[in-house]
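Participant: the amino acid sequence is not available; the structure is as follows:
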DNA sequence: AAGACGTGGCA
DNA sequence: TTGCCAAGTCT
């Protein structure tokens, strides 16, 4: 057998073991449920904002069945201002499904995980790999960017494609444990070194093997993402409405919600209706509004 | 298959 | 200050 070539994993796995951030859900002893909760909270939300809530959640609801027994309103209140509150509602529903149909054990199988509410392509594989040690590619925005640069020589990842999973699978070492570590390492590199705006190539452990570096770091095709507006959007109004409900100890009269958005009553009404449709708000027989499952 | 969906920090 | 960006999912 001739000399083997050095792979990305040969460099990244040791780098990760030496440089990984000490995040609470990566500590030994973290349950699969703990990993699942962290993955849901981390969807589109920065690590720094998740650490504290994650600890409280696991302390309060250490198992799926514990959360399943709580009313959705309490889950929504505990979610606080993490953003995208539908995630909390879906996590609550997932906890109920896990408690009722899976013996209170978080599934290890990707297909089963994907069948749970709020768990998609990324989260299913993250749980399978990080909580259960399965050898499956885990592809998030960080991994897609790292692969785009280091392997494909492009400045940024294009739109997500089914090809991404295969591209990443090819980078995983055969050893099952190392494969999970490699996935974590790719994510860590993308989150701390190979970042979107200003990559710190001088500190990168794989710069010597990076295709984008070799090509002279060619510029990308401009903004890959459309700018997301905020002021005056339905999202802002929905956030305001929900904030009133979270802050109240129980059901509130319609007037309390009216006061949350005076600018455009029609928009306020439309947003309240959409929250009702989404199951994030409920209306009582007496006309008052409340968080789901309250009273 | 684009677009909707929260929130806050940072350059 | 404005705009970009953050471990996505669902329709």
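Facilitator: Yep, it's here. Keep in mind the model is a prediction, meaning the values are calculated, not measured.
Participant: show me what from the stretch 51-200 of chain A comes close to DNA strand C.
Facilitator: Residues of the stretch 51-200 of chain A lying near DNA strand C by C-beta under 7 Å from any atom of the strand: A:84, A:90, A:117-124, A:126, A:140-142, A:187-188, A:190-191, A:195-197. Bear in mind the C-beta positions are built from the backbone N, C-alpha and C, glycine included.
Participant: quick one: contacts for residue A:65?
Facilitator: Contact partners of residue A:65, counting by C-beta atoms under 8 Å, 6 or more residues apart in numbering, are A:95, A:99, A:104.
Participant: pick out whichever of those residues sits closest to residue A:134.
Facilitator: Nearest to residue A:134 out of those is residue A:104 (C-beta to C-beta; 19.8 Å).
Participant: tell me the confidence at the residue nearest to that closest one when sequence neighbours are not counted?
Facilitator: Nearest non-adjacent residue to residue A:104, counting by C-beta to C-beta, 6 or more residues apart in numbering: residue A:65, 4.8 Å away. pLDDT recorded at residue A:65 is 98.
Participant: would you agree residue A:65 falls within a helix?
Facilitator: Yes. Counting by DSSP: H, G, I helix; E, B strand; the rest coil, residue A:65 is located in a helix.
Participant: so how far is residue A:77 from it?
Facilitator: Applying C-beta to C-beta, to the nearest Å, the value for residue A:65 to residue A:77 is 20 Å.
Participant: do the same with residue A:250
Facilitator: Distance, residue A:250 to residue A:77, by C-beta to C-beta: 11 Å.
Participant: residue A:174 now?
Facilitator: If you go by C-beta to C-beta, the gap between residue A:174 and residue A:77 works out to 46 Å.
Participant: dihedrals phi and psi, the residue of the stretch 1-150 of chain A found nearest DNA strand B?
Facilitator: Nearest to DNA strand B in the stretch 1-150 of chain A, going by C-beta to the nearest atom of the strand, is residue A:83, at a distance of 2.1 Å. Here the main-chain torsion angles of residue A:83 (degrees, to the nearest 10) amount to phi 90, psi 160.
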